[in-house]
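Asks: just a sequence and a predicted model for now, questions to come.
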Amino acid sequence: MNEPSFRVDLTKEQFVFSAAHFITFAGDICERIHGHNYAVRVSVEGPLDENRYVVDFIALRDAVLAETQALDHHVLLPRDHSEILVSEDDKETTVRFRDRRWVFPNEDAVILPVVNTTAEEIARVIAERVRKQTHDKFGDVLTTIEVGVDENCGQWGVCRLPW
Ligand SMILES: Nc1nc2c(c(=O)[nH]1)N=C([C@H](O)[C@H](O)COP(=O)(O)OP(=O)(O)OP(=O)(O)O)CN2
């Protein structure tokens, strides 16, 4: 009951990525494509290890950086939206919403396993990917991972996952 609990929080200047996206909201309003300098933070909870760490800051930092750099300078597209339809050929990624169409070189686009590219969904994807990337290194003892994604200077979408 009175046992201490521990968490590592990382908020690094390096955890910023610049990306374009658009979402739908209020049913069928589809935004114009626009960009954000997204900021990311991560927290991991669990017991202390033999170093008296929850996890090594550096290992966690590098895992988050790998994921944010993979999104940097890309257009973020939803794989699972019912009306934003994304298709790829060998060169180009084509996106359709009703009578609107956008075409990007494949290397400029990242298709995420999300319904809508909201900050919350992007946070979930980063949390899942960081958890997968570090699971073997950090082991089974951790309890949660939480990722926050800030779209615009204080507008955070946050996702917490069990470890
Ligand atoms: N809970 C959430 N709410 C909203 C999200 C989101 O991801 N989660 N996203 C959006 C839009 O993407 C919107 O584009 C947010 O961008 P922002 O630049 O903050 O919106 P504005 O155009 O009003 O900002 P300016 O400061 O005028 O550029 C909406 N809500």
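Replies: Now that the structure is in, tell me what you want to look at. Since we're looking at a predicted model, the values are computed, not measured.

Asks: tell me if the longest helix anywhere in the chain is near the ligand.
Replies: As assigned by DSSP state H, the longest helix anywhere in the chain is helix 119-138. Yes - if you take C-beta under 6 Å from any ligand atom as the test, helix 119-138 does meet the ligand, through A119, E120. Every C-beta, even on glycine, is put in place using the N, C-alpha and C of the backbone.

Asks: name the helices or strands packed onto that helix?
Replies: Other elements packing on helix 119-138 under the criterion 3 or more C-beta pairs under 8 Å, 6 or more residues apart in numbering; DSSP states H and E are strand 34-45, helix 57-71, strand 109-112, strand 144-150, strand 156-162.

Asks: hmm, who's touching the shortest one?
Replies: By C-beta atoms under 8 Å, 6 or more residues apart in numbering, the residues outside strand 109-112 that reach it are 19, 70-71, 74-79, 86, 88, 93, 121-122, 125.

Asks: given that strand, what are its sheet partners and their directions?
Replies: strand 74-78 (parallel) (DSSP bridges).

Asks: the strand it pairs with and the ligand, are they touching?
Replies: No - figure legend: strand 74-78 not in contact with the ligand (C-beta under 6 Å from any ligand atom); closest approach 10.6 Å.

Asks: pLDDT of that strand, averaged?
Replies: Computed over strand 74-78, the mean pLDDT rounds to 98.

Asks: in the helix or strand just after it, what's buried?
Replies: Counting by DSSP states H and E, the next helix or strand C-terminal to strand 74-78 is strand 84-88. Using 16 or more other C-beta atoms under 10 Å as the test for burial, strand 84-88 gives I84, V86.

Asks: spell out which residues of the protein are next to the ligand.
Replies: I23, E31, T118, A119, E120, E151, N152, Q155, G157.

Asks: buried subset of these?
Replies: I23, T118, A119, E120, E151, G157.

Asks: quick one, what contacts N51?
Replies: So N51 contacts nothing (C-beta under 8 Å, 6+ apart).

Asks: distance of it from the ligand?
Replies: N51 is 37 Å from the ligand, where distance means C-beta to the nearest ligand atom, to the nearest Å.

Asks: which SS class is that residue?
Replies: At N51 the chain is in coil, as set by DSSP: H, G, I helix; E, B strand; the rest coil.

Asks: how much space separates it from E121?
Replies: 34 Å (C-beta to C-beta, to the nearest Å).

Asks: kindly report the same for V149.
Replies: As defined by C-beta to C-beta, V149 lies at a distance of 9 Å from E121.
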